[in-house]
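Student: My questions concern the predicted model and sequence given below.
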Amino acid sequence: MSIRKTLASIAAAGLITASLLAGSALGASAVPTGIGGQHQTTFTPGRYIVTLVDPSVATYRGGINGFAPTKPDNGKQLNARGRAQQSYGDYLAGKQKDVAAKAGVTVDQSYTLALNGFSATLTAKQAAALSADKAVASLAPDELKHVAATPSTSFLGLDGANGVWAKTGGVDHAGEGIVLGDLDTGIAPENPSFAGDPLGTIAGAAPYLDGTTTTYAKADGSTFRGVCTTGEQFTAGDCSTKIISARYYLDGFGAGNIGNASTGEYVSPRDGDGHGSHTASTAAGNARVPAAIDGVSYGTITGVAPAAKIAVYKVCWSGPDPKSTTDDGCATSDLLAAIDQAVADGVDVINYSIGGGPAQTTVSPTTRPSSGRLPLASSSRHPPAMPDRPPRPSTMRRRGSRRSPRARSRAMRPPSRSETAAGSPAPLRRSTTPPVPRRSAGHSSPPRASRSLARRRPTSALPAHSIPRSRRARSSSASAVSTTG
């Protein structure tokens, strides 16, 4: 069995690929029920994802004069850098601009690889005009989703003498030659679960820098190419032979809607929340990393595929109010941009631990991609409450029961780095009704550090090997890690 297929079987068995719940739409109407929206005649102003009828680069089988098929063969990945793929992608981008221009719309973000569509802020009149265009398949509100997670290596059958790891070369080789794309709240690069060597400049088996581009020859013979995007408390040196690429997406959520360093948010790939580091270490954290919270040892932790490399795509953000969950989230438009880029970079697996409220449709822009990448998605056993919220400047997807009194270990904050407020952005309008925390019977997690205690403790007082944890209380979401005494 190839390494890639091995990782796929491990991940498919463990990190449950499930239907994603549609998030709460803010300031936009429901998804049209028919092609072109002919069953919907009224719209409200807001931010939308406009999907066109032409197939994306990942699904195009041919038939348009002058453009060769670009869909990958069964079992193959999309070659996003191929001549045919780039040519057809340019055609789609041009057609998107034409469709938008006819309705007097400005394209905010364009998607061509995994989805053929664009995001845009529309008036009711513009939305109606686009829905009547035969080139448009649907208009979906830009929504707010939630981060989420599920357990555990023994439950998955990974460890033990007869486990998947033992049958595929051992835990130290699980995931070799694979790149995991983690779409979440970013990453804490100093955590030992993500330890790696500095990137060199000489081509070889290990990832290396070609100028500012990280290049990595993967197990399937193709090449991953990414970049280490710098920003607030995140430098090029934070990337390594483990974290080989890091990007962030904020256009959809809006820079004016996030917190700052004083509340644990950073305009960079840095994870101030903990959930992204939690999911990345669950899927691809290093093997046998000692773990502790507030001085209490929990043995060691190991990711599902510890030899895999990690590419970070930060798409979920914390709002300015540290006591509220209603101003946090992940904009669908940012998610789509990150998915498109992950495909272009050449990831093998996309980890997508993000969900929303009760589903209104089984089809959404984020569930359509078909590019030869294995999507790993979280499932929800209990839908959250749907608070009645007024429209926001941007419609986004909500991130679960974040920041409860029991949540957020300070271990996820950068060690011994100054945190000065960069000015408080205008607060988002929000409901006073918080989402219902998701809980699942039969699973338990180690206790989280109290948030109030974590905020008072100096970072230096925490052990360097603290477990990556989210700041939300999620007793239903034990990490998919191996814990030994």
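Tutor: Sure, I can see it.
Student: distance of residue 129 from residue 47?
Tutor: Computed as Cβ to Cβ, to the nearest Å, the residue 129 to residue 47 distance reads 16 Å. Quick note: C-beta positions are derived from backbone N, CA and C, even for glycine.
Student: between the two, which one's more packed in?
Tutor: residue 47 (27 against 18; other Cβ atoms under 10 Å).
Student: In the sheet, which residues pair with the more buried one? Tell me.
Tutor: For residue 47, the beta-bridge partners are residue 121 (DSSP bridges).
Student: Is it correct that it is in contact with residue 122?
Tutor: Yes. Contact status for residue 47 versus residue 122: in contact at 7.4 Å, counting by Cβ atoms under 8 Å.
Student: All the helices of the chain, in order from the start?
Tutor: Along the chain, counting by DSSP state H, helices occupy 3-14, 83-102, 124-131, 153-156, 164-167, 275-284, 332-345, 451-456.
Student: Quick one: the ones you listed as JSON lines, columns for mean pLDDT and distance to residue 53 too.
Tutor: Shown next, in JSON lines, are these (pLDDT from 0 to 100; distance: least, Cβ to Cβ, whole Å):
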{"stretch": "helix 3-14", "mean pLDDT": "42", "distance to residue 53": "31"}
{"stretch": "helix 83-102", "mean pLDDT": "97", "distance to residue 53": "10"}
{"stretch": "helix 124-131", "mean pLDDT": "95", "distance to residue 53": "12"}
{"stretch": "helix 153-156", "mean pLDDT": "80", "distance to residue 53": "40"}
{"stretch": "helix 164-167", "mean pLDDT": "92", "distance to residue 53": "42"}
{"stretch": "helix 275-284", "mean pLDDT": "94", "distance to residue 53": "34"}
{"stretch": "helix 332-345", "mean pLDDT": "96", "distance to residue 53": "17"}
{"stretch": "helix 451-456", "mean pLDDT": "28", "distance to residue 53": "48"}
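Student: which of those sits most buried?
Tutor: Greatest average neighbour count among the helices of the chain goes to helix 275-284 (a mean of 30), per mean count of other Cβ atoms under 10 Å.
Student: coming back round to it: export the helices of the chain to TSV and tack on distance to residue 183?
Tutor: Conversion of the helices of the chain to TSV gives the following (distance: least, Cβ to Cβ, whole Å):
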stretch	distance to residue 183
helix 3-14	15
helix 83-102	21
helix 124-131	27
helix 153-156	21
helix 164-167	25
helix 275-284	8
helix 332-345	5
helix 451-456	25
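Student: what's the closest of those helices to residue 299?
Tutor: Closest approach to residue 299 among the helices of the chain (Cβ to Cβ): helix 153-156, 12.4 Å.
Student: Wait, residue 343 touches residue 115, no?
Tutor: No. With contact defined as Cβ under 8 Å, residue 343 does not reach residue 115; the gap is 10.0 Å.
Student: Need the contact partners of stretch 53-65.
Tutor: Stretch 53-65 is contacted by residues 35, 67-72, 78, 80, 85, 88-89, 91-92, 95, 111-116, 134-137, 343, 368-372 when judged by Cβ atoms under 8 Å, 6 or more residues apart in numbering.
Student: Could you give me the buried positions within that stretch?
Tutor: By 16 or more other Cβ atoms under 10 Å, the buried positions in stretch 53-65 come out as 54-60.
Student: which ones are touching residue 110?
Tutor: Residue 110 makes contact with 93, 96, 118, according to Cβ under 8 Å, 6+ apart.
Student: same thing but 10 Å
Tutor: Applying Cβ atoms under 10 Å, 6 or more residues apart in numbering, one finds that residue 110 lies in contact with 89, 92-94, 96-97, 100, 116-120, 336-337, 340.
Student: Just list the residues touching residue 211, thanks.
Tutor: Going by Cβ under 10 Å, 6+ apart, the list of residues near residue 211 reads 201, 227.
Student: shaky segments in this protein?
Tutor: 1-41, 148-151, 356-485 (pLDDT under 70).
Student: okay, now the domains of it?
Tutor: Domain segmentation of the chain under automatic domain parsing yields 3-19+146-461, 29-141.
Student: could I get stretch 163-176 in PDB with only the CA atoms?
Tutor: Output of stretch 163-176 as PDB, limited to C-alpha atoms (Å, rounded to 0.1, in the frame of the first residue of the first chain):
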ATOM      1  CA  GLY A 163      -2.700  -1.400  14.800                       C
ATOM      2  CA  VAL A 164      -2.500   0.500  11.500                       C
ATOM      3  CA  TRP A 165       0.800   2.100  12.500                       C
ATOM      4  CA  ALA A 166       2.500  -1.300  13.100                       C
ATOM      5  CA  LYS A 167       1.200  -2.600   9.800                       C
ATOM      6  CA  THR A 168       2.500   0.300   7.800                       C
ATOM      7  CA  GLY A 169       6.100   0.700   9.000                       C
ATOM      8  CA  GLY A 170       5.700   2.100  12.500                       C
ATOM      9  CA  VAL A 171       4.500   5.300  14.000                       C
ATOM     10  CA  ASP A 172       7.700   7.300  13.100                       C
ATOM     11  CA  HIS A 173       7.000   6.700   9.400                       C
ATOM     12  CA  ALA A 174       3.300   7.300   9.300                       C
ATOM     13  CA  GLY A 175       2.600  10.100   6.900                       C
ATOM     14  CA  GLU A 176       6.100  10.300   5.300                       C
END
